[in-house]
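K.L.:
Turn this into a structure:
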Amino acid sequence: MKRHFFLLFIIAMLVLVNCSEHQSLEFVNNSEETILVVHNNKSVIKNPIYDIHPEENTKSEYNEMLNFHAIKPHSNKNIDYWGDYIRDTPNDTMYLGIFFVIDLDTMSLEEFKTKYPIRYEFKVTLQDMIDRDWTLIYPPSE
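P.N.:
Below is the predicted model:
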């Protein structure tokens, strides 16, 4: 009986250790604009993402995307699953593209595709995120 209890205790501890590895990413927007943050395992600049434009979504899909990925001026947001995403990405590298929501809301889809108004791209690895204490700041101070 003691062996079974000890085995269950060890299994429970392993589960707790694995659960504690979950890490959210905190994104700080120090700009004057509401930004939309999109992610990919390839460069968002070299591999444009057009399906974030409102004309490519229903109104409810677009609003849901903004709810999860938009960050108001001078505020921050924890994005829970991106910490896990970077661990599962090939070469543990994640690309984060920054767009101004005002550009999405005012440009036609054709204009958006032509100008592709990406404001910045972060390229981060798992080690980068650990070194940055899981926090990214836009605009960067580089």
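K.L.:
Doesn't residue 48 lie inside a strand?
P.N.:
No - under DSSP: H, G, I helix; E, B strand; the rest coil, residue 48 falls outside any strand and is assigned coil.
K.L.:
ok, the residue nearest to it when sequence neighbours are not counted to residue 46 distance?
P.N.:
Spatial nearest neighbour of residue 48, chain neighbours left out: residue 116 (5.3 Å); criterion: Cβ to Cβ, 6 or more residues apart in numbering. Heads up, the C-betas are built off the backbone N, CA and C, glycines and all. Computed with Cβ to Cβ, to the nearest Å, the distance linking residue 116 and residue 46 is 11 Å.
K.L.:
got it, and residue 69?
P.N.:
According to Cβ to Cβ, residue 69 stands 20 Å off from residue 46.
K.L.:
More neighbours: which of residue 116 and residue 46?
P.N.:
For residue 116 and residue 46, the more surrounded residue by other Cβ atoms under 10 Å is residue 116, and the numbers stand at 16 against 9.
K.L.:
in terms of contact, does that one touch residue 47 like I think?
P.N.:
No - with contact defined as Cβ atoms under 8 Å, residue 116 and residue 47 do not form a contacting pair (10.9 Å).
K.L.:
The helix or strand hosting residue 102 packs against which elements?
P.N.:
Using DSSP states H and E, residue 102 sits in helix 101-106. Helix 101-106 is packed against strand 35-40, with contacts defined by 3 or more Cβ pairs under 8 Å, 6 or more residues apart in numbering; DSSP states H and E.
K.L.:
Partner strands of the strand it packs on, with direction?
P.N.:
For strand 35-40, sheet partners with direction are given as strand 70-71 (antiparallel), strand 93-100 (antiparallel), following DSSP bridges.
K.L.:
so how far is the last one off the chain centroid?
P.N.:
Put plainly, it is strand 93-100. Its chain's C-alpha centre lies 7 Å from the corresponding centre of strand 93-100 when counted by Cα atoms, centre = their mean, to the nearest Å.
K.L.:
Pull the helix or strand where residue 129 lies out as CSV, backbone CA atoms only.
P.N.:
Secondary structure from DSSP H and E places residue 129 in helix 126-131. Taking Å, rounded to 0.1, in the frame of the first residue of the first chain, the C-alpha atoms of helix 126-131 are listed here in CSV:
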residue,chain,number,x,y,z
LEU,A,126,13.1,30.5,-26.5
GLN,A,127,16.4,31.7,-25.0
ASP,A,128,15.6,35.3,-26.1
MET,A,129,12.3,35.0,-24.2
ILE,A,130,13.9,33.6,-21.1
ASP,A,131,16.5,36.4,-21.2
